[in-house]
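S.K.: Fold the following, please.
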Amino acid sequence: MSRRDTLYVQIDKKLRDLPSNHSTCSIFKVPGRLRHVNERAFEPEILSIGPYHRGKDKLKMMEEHKKRYLQKLLQRRAESSVQRYVTAMIRVEGEARKFYDQSVSLGQDEFVEMLLLDGCFIVELIRKYNNIPGVRDDNDPVFEVSWILSSIETDMFLLENQLPFFVLWELFTMTSEVQNEDFFGMALSFCQRIFPGSGNHRIPENKYEHLLEILYHTGYQPPITRASPQDNGWYFIRNAKELQEAGIKFKKREGSRSLFDVVFKENGTIEIPCLGIDDSTESLFRNLVAYEQYSRRRHLYVTDYITLMDCLISTQDDVQILRHSGIIENGLGDDEWSAPCSIT
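M.R.: The predicted structure follows:
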């Protein structure tokens with residue numbers, strides 16, 4: 001074979017090995033353009049879920065808790081082996097892999113073990129949170145030590161730290177001990193602990209991709225009122241102090257089911273739903289922005305909301321104006337704070 005023939009064979013092979021343009025990946029690594037602003041916002045603090053952060057030294061403590069949760073589950077069900085659960089995870093392995101980036105290199109055994117340990121931990125944690133009888137132990141450190149549960153909650157809603165929801169659904173169904181036990185309702189209740197909201201769940205319950213997507217639809221449903229097509233476009237918005245000096249009033253919007261339901265009244269009043277701020281707010285917003293921007297969504301509600309808040313807040317005076325108006329509840333202790341995160 002000539003050198004020219006060898007070259008075309010090599011190129012043909014590369015083209016055959018090229019992945020399809022249509023990617024089913026929905027649990028992906030956050031791109032550098034979003035990550036570089038605050039990388040810690042996308043890194044788990046104590047809990048690894050899924051393959052991307054698996055095996056990191058700082059996350060090993062929770063690996064023992066995952067095993068304990070699985071052990072307690074087996075004991076509660078009077079089962080002596082994980083055989084039927086492993087068999088089930090082997091059956092769904094191929095479909096579960098499609099949710100992740102193709103760079104995941106875990107072999108079958110390690111990937112299946114990850115699905116089982118991580119999935120059972122999440123299912124049991126949600127059961128414990130919902131106080132299902134006979135599930136929670138009195139000495140469970142996850143619930144006895146407040147900072148552990150708080151850190152776990154933050155880690156469970158990182159985009160890179162997700163498990164396919166259908167895997168959770170499968171494990172829940174296999175381990176359910178109560179007739180008509182509502183896993184989606186329990187998962188929804190857990191999400192509402194992070195962001196209160198009644199949500200607008202139009203997707204069939206077992207068709208959600210992961211917990212972060214459920215959270216997105218729970219606390220961030222589209223507003224009832226939408227801008228008309230001619231309203232689309234970019235506008236310069238001054239900060240809260242400048243707007244107030246120009247005669248604009250700020251008011252907390254009452255009774256709204258959506259964080260995005262911002263309204264400008266004819267009397268010169270801007271009504272904005274209340275936003276609670278704590279240590280996890282920036283991380284949560286950054287991950288929601290990443291999920292929204294890279295999941296091919298038509299409407300970027302979270303991104304638009306953060307852009308608005310970035311415009312309104314540029315100084316400590318702006319924070320004070322919004323706080324005094326009831327639009328911000330700042331749990332960080334002072335007004336040395338900016339918008340939840342910058343898109344740039």
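S.K.: if I look at V86, how far off is L70?
M.R.: 11 Å (C-beta to C-beta, to the nearest Å). Backbone N, C-alpha and C define where each C-beta goes, glycine included.
S.K.: same deal with R84?
M.R.: R84 is 13 Å from L70, by C-beta to C-beta.
S.K.: Tell me where the model's unsure across the stretch 151-300 of the chain.
M.R.: For the stretch 151-300 of the chain, residues meeting the criterion pLDDT under 70 lie at 196-204, 206, 219-235.
S.K.: which stretches of it form strands?
M.R.: Applying DSSP state E, counting those that start in this stretch to the stretch 151-300 of the chain gives strands spanning 249-252, 263-264, 269-272, 275-277.
S.K.: which one of the ones you listed lies closest to H324?
M.R.: Each of those has some distance to H324 by C-beta to C-beta; the shortest is strand 249-252, at 8.5 Å.
S.K.: Can you list the buried residues in that closest one?
M.R.: Applying a neighbour-count criterion of 16 or more other C-beta atoms under 10 Å, one finds 250, 252 buried in strand 249-252.
S.K.: Equivalent analysis for stretch 70-88, please.
M.R.: Neighbour-count burial for stretch 70-88 [16+ other C-beta under 10 Å]: 70, 72-74, 82, 85, 88.
S.K.: quick check: mean pLDDT across it?
M.R.: Stretch 70-88 carries an average pLDDT of 97.
S.K.: Quick one: end-to-end distance for that stretch.
M.R.: Stretch 70-88 has an end-to-end distance of 15 Å (C-alpha to C-alpha, to the nearest Å).
S.K.: if I look at S314, how far off is L322?
M.R.: 12 Å.
S.K.: So these two - more neighbours on which side?
M.R.: Ranked by neighbour count (other C-beta atoms under 10 Å), S314 and L322 place L322 first, with 23 against 16.
S.K.: Please identify every residue contacting each of V86 and L70.
M.R.: Counting by C-beta atoms under 8 Å, 6 or more residues apart in numbering, the contacts common to V86 and L70 are L116.
S.K.: Distance-wise, check K251 relative to L34.
M.R.: Distance from K251 to L34, counting by C-beta to C-beta: 32 Å.
S.K.: Which strand or helix spans Q320?
M.R.: Here Q320, judged by DSSP states H and E, is contained in helix 316-324.
S.K.: what helices or strands is that helix leaning on?
M.R.: helix 240-245, strand 328-330 (3 or more C-beta pairs under 8 Å, 6 or more residues apart in numbering; DSSP states H and E).
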